[in-house]
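[1] Sharing a sequence plus its predicted fold:
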Amino acid sequence: MTAALELDGIERIYNRGLPSEVAVLRGVTMSLAPGEVAALVAPSGAGKSTLLHIAGLLDTADTGAVRLSGRDMTRLSDRQRTRARRDEIGFIYQFHHLLPEFSAAENVILPQLAAGVSRQDADARAQSLLDAVGVAPRAGHRPSALSGGEQQRVAFCRALANRPSLLLADEPTGNLDPETSDVVFGALMALVRDTGLSALIATHNLDLAKRMDRVLTLDSGRISG
Ligand SMILES: Nc1ncnc2c1ncn2[C@@H]1O[C@H](COP(=O)(O)OP(=O)(O)OP(=O)(O)O)[C@@H](O)[C@H]1O
């Protein structure tokens, strides 16, 4: 079976050749099966954001290959990378980064319009995603009128709006209190399982990590688990 995501010998060094050189990733190799949900656990500063950015085509490795569903992403043009990012990858950050001047529904609709989906289909998809995570009644509100947990649920819907095959998340419930984090994480997992997505979810919360299929640990520039 072709892996949803493969990282093969990824190396990333910041400030190469300078006294401030940091070798963050020193040969990261891992793969995610279709539908598999893995936790990425790492001490602070170990390079998990760097790793997620490389897997999400937001940054490039110095060495090594990134493959999505068997396709090598390493040598794509900027334009092809942007398209692959838009169509194949959903990204969730610790802070929601929703557009403040648009409603919750519009935040989920806009990326679909950018990808060429009709307004009617985009509306329907936004409605069903927001419904699935329990925020449909708040669909017309701007982010500032939503609670932190609601904002993050809308961000999940936005990440999944274009039906990506891979979800990457960097501490997706890290800014919520433990109780809200637990509930909101449950909503995310239900959505991921329903859509059959593969996901790599960075978290410091070992209880959340245990709810995933596999726990990968990033330490000293390499992955184990
Ligand atoms: N642009 C950069 N230039 C130089 N060093 C960087 C740069 N970005 C990150 N680093 C360093 O690389 C290391 C890994 O950073 P990264 O943000 O990937 O870690 P992290 O595991 O996500 O950390 P945290 O859990 O604290 O968010 C850190 O030591 C950081 O200071």
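    Received it, and whenever you're ready, just let me know what you need.
[2] only C-alpha atoms for contact and neighbour calcs from this point on.
    Noted.
[3] And what about Val117, helix, strand or coil?
    Assigned state for Val117: coil (three-state reduction, DSSP: H, G, I helix; E, B strand; the rest coil).
[4] can stretch 37-46 be found next to the ligand?
    Yes. Contact of stretch 37-46 with the ligand (Cα under 6 Å from any ligand atom) involves 44-46.
[5] Please give me every residue in contact with the closest residue to Ala136 other than its chain neighbours.
    Nearest residue to Ala136 in three dimensions, chain neighbours excluded: Leu130, at 4.8 Å (Cα to Cα, 6 or more residues apart in numbering). Each residue near Leu130 by Cα atoms under 8 Å, 6 or more residues apart in numbering is listed here: 105, 136, 139, 153-154, 157.
[6] Can you tell me how far Leu130 is from the ligand?
    28 Å (Cα to the nearest ligand atom, to the nearest Å).
[7] what does the model give that residue for pLDDT?
    Predicted confidence (pLDDT) for Leu130: 95.
[8] Doesn't it belong to a helix?
    Yes. Judged by three-state DSSP, Leu130 forms part of a helix.
[9] tally of neighbours for Pro19?
    By the criterion of other Cα atoms under 10 Å, Pro19 has 7 neighbours.
[10] that older thread, between the residues of stretch 37-46 next to the ligand, identify the one with the most neighbours.
    Using other Cα under 10 Å as the neighbour criterion, Ala46 leads those with 18 neighbours.
[11] Pop out the phi and psi values for it.
    When read as degrees, to the nearest 10, the backbone of Ala46 gives phi -80, psi -10.
[12] would you say Arg79 is within a strand?
    No. Counting by three-state DSSP, Arg79 is located in no strand; its state is helix.
[13] if we can go back for a sec, quick one: which of the residues of stretch 37-46 next to the ligand is nearest Glu6?
    Ala46 (19.8 Å; Cα to Cα).
[14] all strands of the protein, in order?
    Counting by DSSP state E, the chain has strands at residues 5-14, 22-32, 37-41, 63-68, 71-72, 89-92, 166-170, 198-202, 214-219, 222-224.
[15] Mean pLDDT and distance to His53 for the ones you listed - can I get that in JSON lines?
    Listed next are these as JSON lines, based on pLDDT from 0 to 100; distance: least, Cα to Cα, whole Å:
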{"stretch": "strand 5-14", "mean pLDDT": "96", "distance to His53": "11"}
{"stretch": "strand 22-32", "mean pLDDT": "96", "distance to His53": "12"}
{"stretch": "strand 37-41", "mean pLDDT": "96", "distance to His53": "13"}
{"stretch": "strand 63-68", "mean pLDDT": "96", "distance to His53": "11"}
{"stretch": "strand 71-72", "mean pLDDT": "92", "distance to His53": "16"}
{"stretch": "strand 89-92", "mean pLDDT": "94", "distance to His53": "9"}
{"stretch": "strand 166-170", "mean pLDDT": "96", "distance to His53": "9"}
{"stretch": "strand 198-202", "mean pLDDT": "96", "distance to His53": "12"}
{"stretch": "strand 214-219", "mean pLDDT": "95", "distance to His53": "14"}
{"stretch": "strand 222-224", "mean pLDDT": "92", "distance to His53": "16"}
